[in-house]
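*Asks:* Need a 3D model of the sequence below.
(one chain, ligands or ions: 1)
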Amino acid sequence: MRGLLAILGGIVSWTLRALGWTAATALVLIGILFTGWLVLRPASPSPAARAPPTSLPEPYIGETYASRVGDPAPPAVSADGNCERPGRFSAAARANAQSLTTTVWAPFGPEEIGWEIYVPLIAQEISTRCAPGEPGFARALAAWQRRKGARADGMMSPGAFEIMKQAWHRRRPFSRIRPEDCPPPPADGALATAAALESYGRPMRLRPGALAAYRRMTAAAHAEAPEIFRQPDALKIFSAYRDPEADAARCLSDGNCDGVRRTYCSAHRTGMALDIHVGMAPGGNPASTADFNRLAQSRSPAYRWMVRNASRFGFVNYPFEPWHWEWTGEPI
Ligand SMILES: [Zn+2]
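*Replies:* The predicted structure is shown next:
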C-alpha cells in the first residue's frame, strides 16, 4: 500500500513539474467534470424498453392465441368433395388458406389477425358449406363478388369484407338510425319478461314479439341441433332490455362500456336486442370481445346454428359480437 502511495505521489509531483500548475489544475477540473457526468447521466434503458414496440396484444403472440381458444378448429376440408375440386380458383383458395390466419387488418377498429372469426357469417353470405381454404369457397366468393359488381377473384380481402359488413349493418334496423335519432325506450308495461330458465333466473325484459320469436327459435334449435345443448347454458339470455338511464349511470360508475353516449343510445334500449350465450373460450366470458374468445364462439355449434338459422325467426347478428342479436320483426 505504502509503495502504491509512493508511486502515485511520484506521478503527481512529476506531472506538476512537467506541466506546471495551470495545466495540472485543468486536468483536475476535467476529472471532476467526468466524475460528475458518470454519476448524473441518465440510466441506460432496460433491454425490455429497448425492444421494438409490438402492436400485438398478448393473446395473439405465438402459440398463445390458438391455445387459448379451447374449441378445436373446424376441419380444413369439408364433407362435400366438390369443394376440393381444383380449377380456376385453386390459387385463390391457397391465398385464402394463408390469409385466414395471418392477414393483419382492423375491420372494426382494433387490429385483428386473420378472418376465421367471421367464417360462419361469410360462408352464409356467399352461400357455401365449403371450408375457407377450399377452391369451392373461393368459387362461391367469386360468384358473390360478381353479383356485387366487385372484382371476382375469389380472394377474401378487407375490401370484400367491407361490402359484406355494410350489408350486415343494413339488416340491423338499429344501426340504420342516426345517433341524434336515438329512439325512445318502450313505455312501461310494454315489455315481456323471459322465463327464469331462459335467463339464468334474472329478470330479462324484451318486446313480446321478440320473446315469442326467441322461443320459436330455441324450440327449433332443440329439434334440429340438439348437440348445441350439450353446453347447458347455450342460447340463454344474459342481457336484453337495458334502461338507458340506468345503463348510462352504470357506464359512468364502472367505466366498463363503449362510452356514455353509445351506452345511452344502445340497441338494448329498444327491447329488441338480446345477448345470448353462444359459448366462450377458457378464461374468456360470454361477452368478451377478446379475439381468442370470439374465435372460440365462432367455432361453437350454437353460433354456427344461429348464423344459418336465426334469420328464419327475424334475428340478425352484430358481426363483431357473436352473442349480440337483434330482432327485426317490428319497426323500432
Ligand atoms: Zn348486446
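
*Asks:* beta partners for the closest residue to the ion within the stretch 101-250 of the chain?
*Replies:* Residue of the stretch 101-250 of the chain nearest the ion, by C-beta to the ion: Ser239 (5.7 Å). C-beta here means a position set from N, CA and C on the backbone, and glycine is covered the same way. For Ser239, the beta-bridge partners are Asp275 (DSSP bridges).

*Asks:* For it, list the residues it contacts.
*Replies:* Shown in contact with Ser239 (C-beta atoms under 8 Å, 6 or more residues apart in numbering): 204, 268, 274-275, 287.

*Asks:* tell me, which of the residues you listed make contact with the ion?
*Replies:* Contacts with the ion within these, counted by C-beta under 5 Å from the ion: Asp275.

*Asks:* Closest one to the ion out of the contacts of Ser239, please.
*Replies:* Asp275 (4.1 Å).

*Asks:* Flag every residue of the stretch 151-300 of the chain that's near the ion.
*Replies:* So the stretch 151-300 of the chain meets the ion at Asp275 (C-beta under 5 Å from the ion).

*Asks:* Next one: the residue of the stretch 101-250 of the chain closest to the ion from Glu326, what distance?
*Replies:* Look at Ser239 and Glu326: by C-beta to C-beta, to the nearest Å, they are 12 Å apart.

*Asks:* what do these two both touch?
*Replies:* Leu274.

*Asks:* In contact with the residue of the stretch 201-332 of the chain found nearest the ion, which residues?
*Replies:* Relative to the ion, the nearest point of the stretch 201-332 of the chain is His324 (3.6 Å; C-beta to the ion). Contacts for His324 (C-beta under 8 Å, 6+ apart) come out as 267, 273-275, 317-318.

*Asks:* Same question for Ala143.
*Replies:* Here Ala143 is in contact with 126, 152 (criterion: C-beta under 8 Å, 6+ apart).

*Asks:* Next up, phi/psi of it, please.
*Replies:* phi -60, psi -40 (degrees, to the nearest 10).

*Asks:* Kindly give the local confidence score, pLDDT, for it.
*Replies:* As predicted, Ala143 sits at a pLDDT of 98.

*Asks:* before we move on, what about the one 10 residues further on?
*Replies:* For Asp153, the model assigns a pLDDT of 97.

*Asks:* again, but for the one 4 residues further on
*Replies:* The predicted structure scores Ser157 at 96 on the pLDDT scale.

*Asks:* One more: Arg176?
*Replies:* Looking at Arg176, its pLDDT reads 73.

*Asks:* likewise the one 3 residues further on?
*Replies:* Listed pLDDT for Pro179 reads 67.

*Asks:* Adjust the sequence numbering to begin at 470 for everything that follows.
*Replies:* Understood, numbering begins at 470; the last thing we discussed is Pro648.

*Asks:* Okay, now the unreliable bits of the stretch 470-619 of the chain?
*Replies:* Residue ranges of the stretch 470-619 of the chain with pLDDT under 70: 470-482, 484-485, 487-488, 490, 492-493, 495-498, 500-540.

*Asks:* let's see 50
*Replies:* Along the stretch 470-619 of the chain, segments meeting pLDDT under 50 span 511-535.

*Asks:* all strands for this structure, in order.
*Replies:* Remark: strands assigned in the chain by DSSP state E are 573-574, 581-582, 661-662, 674-675, 706-708, 742-745, 784-786, 793-796.
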